[in-house]
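Trainee: Got a predicted structure here, sequence first:
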Amino acid sequence: IAPMDPEDEVMATGGFKYLLAGAAAGSCEHTGMYPLDTIKTHLQSSTSTRPAGMMQISRNIYARSGISGFFRGVTAIAAGAAPSHAVYFLAYERLRHLFQGSMLGGGLAGAGSTIMADLILVPMDTIKQRRQLSAQVYRNNLHCMKKIIRMEGSRALFAGYTTTLAMNIPFHSVYVSVYEAC
């Protein structure tokens, strides 16, 4: 049996393989590195002229909340990472075939994929960061989301979307172009 053309495979399977691969990869990446992300978020949010280092932040989180303090909000990013990365992988495969033969095809596929994926991930990242930094303010992800919408409006969930795209579009355009050229 001859191997199936990649375009035919995407269409025949509905992209299920790419959705599943993206969901698994995104979930593993974000949840596996979550304790370090929590430390980074605390470091970046410091307003001190002499901010604490990584070890001191770690000790502070542990003293205040125990080991669970490193995972506060992990369910928000897990809920966003799986569908976001699934969409990225599927969109990349479809856009790659759509722009095949174009000199800018890889870059366009990378840009389009990240635009769609970040639309899903950014609101969940906002919830994740709020929960990482505010132990007593939010009971769970839903409570956090409702409180953000009630107090700041739904646009607050997407506050970092434009900045995220400003970083991710160039990165993914170059990344995918180089990947496809090799």
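Mentor: Arrived safely, thanks for sending.
Trainee: Quick check, central residue of this protein?
Mentor: What sits nearest the mean C-alpha location of the chain, by CA atoms, centre = their mean, is residue 121, with 4.7 Å.
Trainee: Spit out the contact partners of it.
Mentor: By CB atoms under 8 Å, 6 or more residues apart in numbering, the contact set of residue 121 is 80-81, 84. C-beta here means a position set from N, CA and C on the backbone, and glycine is covered the same way.
Trainee: Can you tell me which of those residues is nearest residue 25?
Mentor: residue 81 (8.9 Å; CB to CB).
Trainee: Figure out the length between the terminal residues of stretch 153-167.
Mentor: 25 Å (CA to CA, to the nearest Å).
Trainee: what's the answer for stretch 42-57, then?
Mentor: 7 Å.
Trainee: got a list of contacts for it?
Mentor: The contact list for stretch 42-57 (CB under 8 Å, 6+ apart) reads 39, 60-61, 132-133.
Trainee: Off-centre distance for stretch 62-82?
Mentor: On the basis of CA atoms, centre = their mean, to the nearest Å, stretch 62-82 sits 15 Å off its chain's mean C-alpha point.
Trainee: Any buried residues in that stretch, and which?
Mentor: For stretch 62-82, the neighbour count (16 or more other CB atoms under 10 Å) marks 69-70, 72-82 as buried.
Trainee: Report the secondary structure state of the residue nearest to the centre of the chain.
Mentor: helix (DSSP: H, G, I helix; E, B strand; the rest coil).
Trainee: Out of the contacts of stretch 42-57, who's the most crowded?
Mentor: residue 132 (25 neighbours; other CB atoms under 10 Å).
Trainee: pretty sure that residue is touching residue 74, no?
Mentor: No - judged on CB atoms under 8 Å, residue 132 makes no contact with residue 74 at a distance of 9.1 Å.
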